[in-house]
Every structure is written in C-alpha cells, then in structure tokens.
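Undergrad: Prediction below, plus the sequence it came from.
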Amino acid sequence: MHRKLRICDYRPLMDQLKGASPPGPPVLFPSQGDANYLTLSLLGCIKSIESLCSRFLWNGNITSKAAEKVSWNVVCLPRSEGGLGLRNLSIWNKTLSLKLVWLLHTRSPQAEQLHIILCSVQPPSLSSVRDCYNWYVDDLYLDSFNTARTWESVRDRSSTVDWESVVWFGGHVPRHAFHMWVTHLDSLPTISRIAAWDHNVENSCLLCNAPDENRDHLFLRCRFSERLWKMIIRRLGYQPFLFHTWTSLIEWLRMKDYTCPQTLHKLAAHAVIYHLWLERNNHLHNAVFSSTDRIFKNIDRHIRNTILARRGRKKFHSLMCTGLRFS
C-alpha cells in the first residue's frame with residue numbers, strides 16, 4: 001500500500017465486528033483463528049478492536065463504556081501469571097509481522113525472481129553458494145519460523161502465581177471462577193475503594209453496617225459472611241471455623257485432607273464469594289435483603305447441580321456422595 005491506512009479504510013471491519021457481536025454472555029477466550037483475523041498493521045485499528053474486546057469482557061456488550069476492573073495488560077497475561085490468557089493484539093501483530101520478515105527470505109525461487117525483475121535491482125551476492133537462513137529466538141537457531149516460540153519471546157511477562165489452581169481448577173464454574181479471579185486481585189468496587197476516590201462516600205459495610213467495607217471484611221469478617229461460612233464449613237464435614245484473612249482462605253483451598261475433596265472446597269468457596277457479592281449488590285442497588293439460610297440453600301442447590309452436570313468427569317464421581325454424607 002502506498003500510504004498508511006486511515007480510519008475510513010478499516011471502518012468497514014469495525015462495523016462488521018460490531019454487527020457480528022453475538023447476544024448473551026461474553027466469550028472470554030477467542031480462538032487463534034479469530035486473533036489472526038483481527039491482526040492488522042495499524043495501531044489505531046488494533047486499539048479500537050481491543051477496546052471492543054474490553055467492553056465485551058466487562059459489560060457483556062460493546063455499546064457502553066467498559067467498566068474495567070483489571071487492566072488489559074494483566075488480562076492478556078497467561079493464567080499461570082495471574083491473567084486470563086487473552087491475546088494482546090498489538091504484540092500478536094508484531095509476532096506475525098516478524099513472520100512476514102521470515103517469509104521474505106524463504107520465498108520460492110519464482111517469487112524471488114519476480115521480485116528481482118520488478119525492482120530491476122540485482123541482489124548483492126558475495127558468494128556463489130546459495131544463502132541459507134535460520135530463525136534465532138530464545139538462544140535457539142530454527143530452520144523455520146516458529147510462531148509460538150516468537151510469541152513467548154516478545155509477549156509481556158509477569159511472575160508466576162501460586163494461586164492459579166485455586167481459581168482455574170478443572171470443573172470450575174466459569175462465572176464463579178472469573179469473579180474469584182477479580183476478587184483475588186482485589187479489584188472489586190468495594191465501598192472502601194470507592195471512598196478512596198470520593199471522600200463523600202460513607203465507608204460502611206452494606207451487609208452488617210460495620211466500618212470499612214474492604215475485601216477481607218466483606219467476604220470473611222463481616223457478621224453476615226461469618227454466619228454463612230459456618231454453615232458451609234459444617235456442610236463440608238468440618239467443625240465450624242472462620243478465616244480472618246484472604247491469605248488464610250487461599251491456603252485452606254490449597255490444602256488436601258481426607259475429610260472433604262479439594263474440588264468440593266473450591267466449588268463451595270467460589271459459590272460463597274459469588275453469592276455474597278450478589279447479596280451485597282442487591283442491598284445497594286435494589287434494597288432487597290435475603291437471609292443466610294436462603295443464600296445457603298441457593299449455594300447448596302447450585303453445587304449439587306454443578307456436580308450433576310459434571311458427573312462424567314473423574315474428579316466429580318464421588319463428590320455427590322461426599323456432599324450428601326454431611327447433609
């Protein structure tokens with residue numbers, strides 16, 4: 001192309017993407033083919049597409065402005081490094097552009113001859129020996145371009161996290177795991193975080209009216225949350241106990257014992273965190289209040305349904321029997 005792309009050049013693509021956005025819950029993990037389709041050489045177009053992806057991720061639609069809780073750079077990290085594993089299109093574009101550089105040197109003799117004729121310039125040659133090319137990445141010389149290795153070399157990185165298996169365990173409920181991920185990163189708009197931006201907001205817990213509604217208080221130390229946790233812990237076959245810090249909850253979810261399977265621990269904890277946040281938002285936005293008994297029944301029914309839906313998986317074979325043993 002003899003000039004840079006303008007907005008009017010890629011507007012049809014943006015209109016097609018907006019029109020192709022399906023209704024319903026957002027698809028969090030596009031395929032590699034989708035990423036290839038979205039890869040363009042224009043930074044502005046890529047940023048526009050990433051903006052649509054961000055809106056779809058956080059809002060479930062692409063019309064309203066994204067209420068981002070976690071930065072896009074973190075979202076695009078692998079799960080093992082604390083992200084969701086989405087592709088950063090800017091870096092993916094760079095990776096595929098490097099592939100074009102490789103293809104320039106590994107084209108067929110016919111294509112090379114055509115290029116020579118079109119350019120009318122004889123390529124320089126210091127030797128009669130045919131040139132050979134290797135792709136050098138991560139201290140390795142490869143005979144051909146390797147997209148996966150190149151992507152791993154140029155992408156953003158972060159330190160490996162030790163809580164990946166707590167959030168993204170096999171058989172997790174997607175909406176619960178996603179909410180657990182945001183909660184673990186302490187990115188939920190709790191009253192304490194909102195009060196840090198707006199000092200006119202009264203910083204008190206919406207479930208128990210105690211001061212300072214932060215993550216640890218809302219989900220672990222609130223009187224309402226404590227009553228619900230005691231019911232859940234007893235339902236799992238333990239003597240009631242409480243968690244006083246988020247770290248202690250994560251450590252408990254990583255522990256193995258003979259009383260209750262680890263998968264059931266995580267299913268229950270995810271469900272508790274998710275339903276507590278729902279209850280908190282119902283207090284705030286709808287002035288609707290539910291008892292801990294009602295929430296417990298909803299969680300218990302949801303866990304049973306989850307186990308039944310996954311009963312064909314090896315980890316879930318005995319979970320229903322374990323759950324019924326302490327009912």
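TA: Sure thing, it's come through. Numbers count the residues shown, from 1 in each chain.
Undergrad: Which helix runs longest in the chain?
TA: helix 262-281 (DSSP state H).
Undergrad: Let me see the mean pLDDT of that helix.
TA: The predicted model assigns helix 262-281 a mean pLDDT of 95.
Undergrad: by contact count, what packs against that helix?
TA: In this structure, helix 262-281 packs against helix 174-184, helix 223-235, helix 246-254, helix 292-309, helix 319-325, with contacts taken as 3 or more C-beta pairs under 8 Å, 6 or more residues apart in numbering; DSSP states H and E. Placement of C-beta: from N, CA and C, glycine included.
Undergrad: how about it: buried residues?
TA: 262-277, 279-280 (16 or more other C-beta atoms under 10 Å).
Undergrad: Contact partners for residue 167?
TA: 79, 177, 180-181, 184 (C-beta atoms under 8 Å, 6 or more residues apart in numbering).
Undergrad: Could you single out the nearest of these to residue 56?
TA: Checking the contacts of residue 167 against residue 56 by C-beta to C-beta gives residue 181 as the nearest, at 16.9 Å.
Undergrad: if I look at that closest one, how far off is residue 44?
TA: 30 Å (C-beta to C-beta, to the nearest Å).
Undergrad: Relative to residue 210, which of the helices and strands packed on helix 262-281 is closest?
TA: Distances from residue 210 to each of these were compared using C-beta to C-beta; the minimum, 7.5 Å, belongs to helix 223-235.
Undergrad: which residues are contacting the closest one?
TA: Under the contact criterion C-beta under 8 Å, 6+ apart, helix 223-235 has outside partners 207-208, 210, 218-220, 239-243, 268, 272, 276, 279, 292-293, 295-296, 299-300, 323, 326-327.
Undergrad: likewise stretch 184-198?
TA: The contact list for stretch 184-198 (C-beta under 8 Å, 6+ apart) reads 69-70, 74, 82, 163, 166-167, 182, 201-206, 212-215, 218, 246, 250, 277.
Undergrad: Now list the buried members of those.
TA: The neighbour-count criterion (16+ other C-beta under 10 Å) marks 69-70, 82, 163, 166-167, 182, 203, 205-206, 213-215, 218, 246, 250, 277 among the contacts of stretch 184-198 as buried.
Undergrad: Save the contacts of residue 167 as JSON lines, and put in distance to residue 103 too.
TA: Supplementary listing: the contacts of residue 167 in JSON lines, determined by distance: C-beta to C-beta, whole Å:
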{"residue": "79", "distance to residue 103": "32"}
{"residue": "177", "distance to residue 103": "40"}
{"residue": "180", "distance to residue 103": "43"}
{"residue": "181", "distance to residue 103": "38"}
{"residue": "184", "distance to residue 103": "42"}
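Undergrad: could I get the residues you listed as a markdown table with neighbour count and distance to residue 308?
TA: Putting those into a markdown table (neighbours: other C-beta atoms under 10 Å; distance: C-beta to C-beta, whole Å) gives the following:
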| residue | neighbour count | distance to residue 308 |
| --- | --- | --- |
| 79 | 14 | 27 |
| 177 | 18 | 19 |
| 180 | 23 | 21 |
| 181 | 22 | 25 |
| 184 | 19 | 27 |
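Undergrad: which of those residues has the weakest pLDDT?
TA: Across the contacts of residue 167, no position has a lower pLDDT than residue 79, which has 93.
Undergrad: where does it fall, phi/psi-wise?
TA: With angles defined as degrees, to the nearest 10, residue 79 sits at phi -60, psi -40.
Undergrad: Distance check, it against residue 178.
TA: In this view, residue 79 and residue 178 are 12 Å apart by C-beta to C-beta.
Undergrad: Disregarding residues adjacent in the polypeptide, which is nearest to residue 158?
TA: Taking C-beta to C-beta, 6 or more residues apart in numbering as the measure, residue 158 lies nearest to residue 81, with 4.3 Å between them; neighbours along the chain are not counted.
Undergrad: quick one: residue 268 and residue 241, what's the gap?
TA: The span separating residue 268 from residue 241 equals 14 Å under the rule C-beta to C-beta.
Undergrad: If you could redo that for residue 233, that was the one I meant.
TA: Per C-beta to C-beta, residue 233 is found 6 Å from residue 241.
Undergrad: same check, this time on residue 303
TA: Counting by C-beta to C-beta, the gap between residue 303 and residue 241 amounts to 20 Å.
Undergrad: Looking at those two, which one has more neighbours?
TA: Residue environment comparison for residue 303 versus residue 241 gives the larger neighbour count to residue 303, 21 against 11, counting by other C-beta atoms under 10 Å.
Undergrad: and the more buried one, what is it in contact with?
TA: For residue 303, the contacting residues are 264, 267-268, 271, 323, by C-beta under 8 Å, 6+ apart.
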